[in-house]
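Colleague: model the following, please.
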Amino acid sequence: MLLALSANPVNLHLSPPLVSRIQLGPSPMTLNDTNSATLLRCIASISMAVAALSTSHLIAQETAQGASQDASREAAQSDVASIQVVSFNIRYGTATDGENHWDKRREFLIDTIKTMKPDLLGTQETVGFQRDYLASNLPDYDHLGVGRDDGKEAGEMMALYYLRERFEKIEGGHFWLSETPEVVGSKSWDSSLPRMATWVKLRDRKQPGAPKILFMNTHFDHMGKTARLESARLIRRKLIELGKDCRLILTGDFNADQQSPPYEALFAEVENQPSPVIDTYRATHPNRASDEGTFSGFKSGAIKGARIDWIGVSSDWKVHSANIDRTARDGRTPSDHFPVTATLKY
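Modeller: Got it, this is the predicted structure:
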């Protein structure tokens, strides 16, 4: 008798003529009609068990493959439907910061940005050679930024960066935080320095049917209280003016806390009109905490101060998450501000 079993399919062959003796040990066993039938029933039971196991194994494999494919599709869809935004005051590169000088931290800063994987990056306190260093070390991004002093290369820039493959630039520009915002280098109120904003309108190639995106980046004065309040009012008006038919994203160092007049002027209802933007961090962290500080002074443990770096977005975005990035090496941060992030979904 010849028994042949395989996982898929299961076949049973009895080679003729049916043999009457089978060797199961040192002594042969004689088969009669009774024990032959018993043996055949046993063989049939084993065959069915093997077939069942084989079928279960195939079903398990197909289920696992299907789950993996579903997870891959969901990850791809999530990537298409989300935008990672980062706002980062990188500390101007000409400052005499000793061990924290730009030359000693610039590679760390680039590594930090790459780890955060922004689709959109707004920087503050960026001067020309820093703008260019970021551009050369972030080759997948296009950028826009001019100096606040002359509208060219002199002074701090509100340099912003956007993924070239994902976004198509439609238009872009700059304005100054003053009573004459179109006048290059202008300042007003009690501002200690010229302050400005840079903006760009983008089309998201991953969402061709979605509205355009207005991405704006700014830095409020660190001294003038009136200047910060009036700058917030100006930014609010410009978001409405420039952002018609656009989804809005605002990044910046605002040099003001949540309980300040500039914060209220930007995010609160004014004259029964809602703000064009919401605070992404507070939207995802509704309860204030003592560890929300965003000015580090290059010290990783300096987390108890004010949250002065904000990302604001229009309410048609779903804010999936918003965080303060605490990256540090040997107790030092890559800049004197912690970067802040927001993940947005369509």
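Colleague: from now on I want contacts and neighbour counts done on CA atoms only, so please keep to that.
Modeller: Fine.
Colleague: pretty sure Ile311 is touching Pro339, no?
Modeller: No: under the criterion of Cα atoms under 8 Å, Ile311 makes no contact with Pro339, lying 10.5 Å away.
Colleague: which residues touch stretch 275-287?
Modeller: Stretch 275-287 is contacted from outside by 236, 239-240, 248-249, 266-269, 288, 310-315, 319-323, 342, using Cα atoms under 8 Å, 6 or more residues apart in numbering.
Colleague: could you tell me which of those count as buried?
Modeller: Buried members of these, counted by 16 or more other Cα atoms under 10 Å: 236, 239, 248-249, 266-268, 310-314, 319-323, 342.
Colleague: and the nearest residue to Met196 once chain neighbours are set aside, how far is that from Met216?
Modeller: Once flanking residues are discounted, Met196 sits nearest to Trp176: 4.0 Å by Cα to Cα, 6 or more residues apart in numbering. Per Cα to Cα, to the nearest Å, Trp176 is found 13 Å from Met216.
Colleague: what does Asn287 give?
Modeller: Note on Asn287: its distance to Met216, by Cα to Cα, is 27 Å.
Colleague: okay, the two: which has more neighbours?
Modeller: Met216 (27 against 7; other Cα atoms under 10 Å).
Colleague: where does pLDDT dip in the stretch 51-200 of the chain?
Modeller: Within the stretch 51-200 of the chain, the stretches with pLDDT under 70 are 51-79.
Colleague: what do you get if the cut-off is 80, keeping everything else the same?
Modeller: For the stretch 51-200 of the chain, the stretches flagged by pLDDT under 80 are 51-80.
Colleague: how about the helices in the chain?
Modeller: For the chain, the helices defined by DSSP state H occupy 33-81, 102-116, 128-137, 225-242, 261-267, 280-284.
Colleague: can you get me a residue count around the residue nearest to Thr333 when sequence neighbours are not counted?
Modeller: Nearest non-adjacent residue to Thr333, counting by Cα to Cα, 6+ apart: Phe298, 4.8 Å away. By other Cα under 10 Å, the residues close to Phe298 number 20.
Colleague: surely Phe298 and Pro334 touch.
Modeller: Yes: with contact defined as Cα under 8 Å, Phe298 reaches Pro334; the gap is 7.0 Å.
Colleague: sorry, back to before: shared neighbours, Trp176 and Met216?
Modeller: Residues within reach of Trp176 and of Met216 at once, by Cα under 8 Å, 6+ apart, are Ala197.
Colleague: can you list the buried residues in stretch 203-215?
Modeller: So, applying 16+ other Cα under 10 Å, buried residues of stretch 203-215: Arg203, Asp204, Lys212, Ile213, Leu214, Phe215.
Colleague: equivalent analysis for stretch 220-231, please.
Modeller: Buried-residue list, stretch 220-231, by 16+ other Cα under 10 Å: Phe220, Asp221, Gly224, Lys225, Thr226, Ala227, Arg228, Leu229, Glu230, Ser231.
Colleague: contacts only, for the last one.
Modeller: Same thing as Ser231. Leu177, Ser178, Phe220, Pro262.
Colleague: test my guess that the second one contacts Val184.
Modeller: No: here Ser178 does not reach Val184: they are 10.0 Å apart, not a contact under Cα under 8 Å.
Colleague: pick out the residue nearest the middle of the protein.
Modeller: Gln84 (3.0 Å; Cα atoms, centre = their mean).
Colleague: looking at the buried ones among the contacts of stretch 275-287, which are in strands?
Modeller: The strands, defined by DSSP state E, take in Leu248, Ile249, Trp310, Ile311, Gly312, Val313, Val319, His320, Ser321, Ala322, Asn323, Ala342 from the buried ones among the contacts of stretch 275-287.
Colleague: report the two of the residues you listed separated the most.
Modeller: Using Cα to Cα, those span at most 18.8 Å, a distance reached by Leu248 and Asn323.
Colleague: so which of the contacts of Ser231 wins on neighbours?
Modeller: Top of the contacts of Ser231 by neighbour count (other Cα under 10 Å): Leu177, with 31 neighbours.
Colleague: relative to Lys187, how far out is that residue?
Modeller: Separation of Leu177 from Lys187 (Cα to Cα): 7 Å.
Colleague: over to Arg233?
Modeller: 15 Å.
Colleague: same thing with Gly173?
Modeller: From Gly173 to Lys187 the distance is 18 Å (Cα to Cα).
Colleague: and the two? which has more neighbours close in?
Modeller: With neighbours defined as other Cα under 10 Å, Gly173 and Lys187 compare such that Lys187 has more, 20 against 13.
Colleague: any idea how far Ser231 is from the more buried one?
Modeller: Taking Cα to Cα, one finds Lys187 at 10 Å from Ser231.
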